[in-house]
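Asker: I would like the atomic coordinates for the input below:
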Amino acid sequence: MTLMCSPDITPVPQELRSSSNRPNSAPFLLTPFLRILFVVLGCGLIAGFFLAYSLEPSTRGYGTHQQLGLPPCSIQYLFGIPCPSCGMTTSFAWFVRGRILESIQANIAATYLAMICMILIPWLLISSWTGQVMPRRKLEFRALILLSSFLLVSVAQWGVRIGFAS
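Answerer: Below you'll find the model as predicted:
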């Protein structure tokens, strides 16, 4: 004679159900190394903005990077067309001065990137301070959206510039 056991049908509490079904819904805890890395990245972005502020924006809309001892744009020199990053340094130099229209005219993708960096600075520093970031899936999705839209804006702007250069 065998005994039949009925399965336990006690409902699982909601808080346990949601966390066990979605392991990536909890905040991602940062290791001490990542906390230090976030601070370094945040400070690096701040330093980049200070560097941009120390440069005088070129009135041509590009070429500001040459103040750092860098050569002129090779693509523009060789092929006579602007590269996708032409005007980025100039755009950042205008952006940190609060001259957003001039920043957009120099390179709209760089203006977008500067805005992303302005959001990243406090996010990196606050995340480092608290030791946690948003859930991994949300973080990956948002990073993918920001990167994809930045690349889309860069390519679209480059296409328009090449069209006007021809």
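
Asker: going forward, measure contacts and count neighbours with C-alpha atoms only.
Answerer: OK.

Asker: so where's this structure uncertain?
Answerer: In the predicted model of the chain, residues 1-26, 136, 165-166 satisfy pLDDT under 70.

Asker: for the chain, what's the longest helix?
Answerer: helix 136-165 (DSSP state H).

Asker: Contacts for the host helix or strand of S103, please.
Answerer: Here S103, judged by DSSP states H and E, is contained in helix 100-106. If you take CA atoms under 8 Å, 6 or more residues apart in numbering as the criterion, helix 100-106 is touched by 61-62, 86-88, 90-95, 110-111.

Asker: quick one: which of the residues you listed is nearest G44?
Answerer: The closest of those to G44 turns out to be F92 (CA to CA; 14.7 Å).

Asker: any idea how far the most centrally placed residue in the chain is from L146?
Answerer: Central residue of the chain (CA atoms, centre = their mean): I116, 4.9 Å from the mean position. According to CA to CA, to the nearest Å, I116 stands 8 Å off from L146.

Asker: do Q67 as well
Answerer: Going from Q67 to L146 by CA to CA gives 29 Å.

Asker: for L68, same thing?
Answerer: To L146, L68 is 28 Å away according to CA to CA.

Asker: These two - which one has more neighbours?
Answerer: With neighbours defined as other CA atoms under 10 Å, L68 and L146 compare such that L146 has more, 15 against 9.

Asker: who's in contact with the more buried one?
Answerer: Contacts for L146 were tallied using CA under 8 Å, 6+ apart; they are I116.

Asker: And it, how far from G80?
Answerer: Using CA to CA, we find L146 at a distance of 30 Å from G80.

Asker: go on, L55?
Answerer: Look at L55 and G80: by CA to CA, they are 25 Å apart.

Asker: who's more crowded, those two?
Answerer: L55 (18 against 13).

Asker: quick one, strands of this structure?
Answerer: Applying DSSP state E to the chain gives strands spanning 28-29, 132-133.

Asker: Which of those strands sits closest to L152?
Answerer: When the strands of the chain are compared by CA to CA, strand 132-133 sits nearest L152, at 26.7 Å.

Asker: May I have the strands that pair with that closest one, each with its orientation?
Answerer: Note on strand 132-133: by DSSP bridges, its sheet partners are strand 28-29 (antiparallel).

Asker: If anything else comes up later, I'll come back, but that's it for now.
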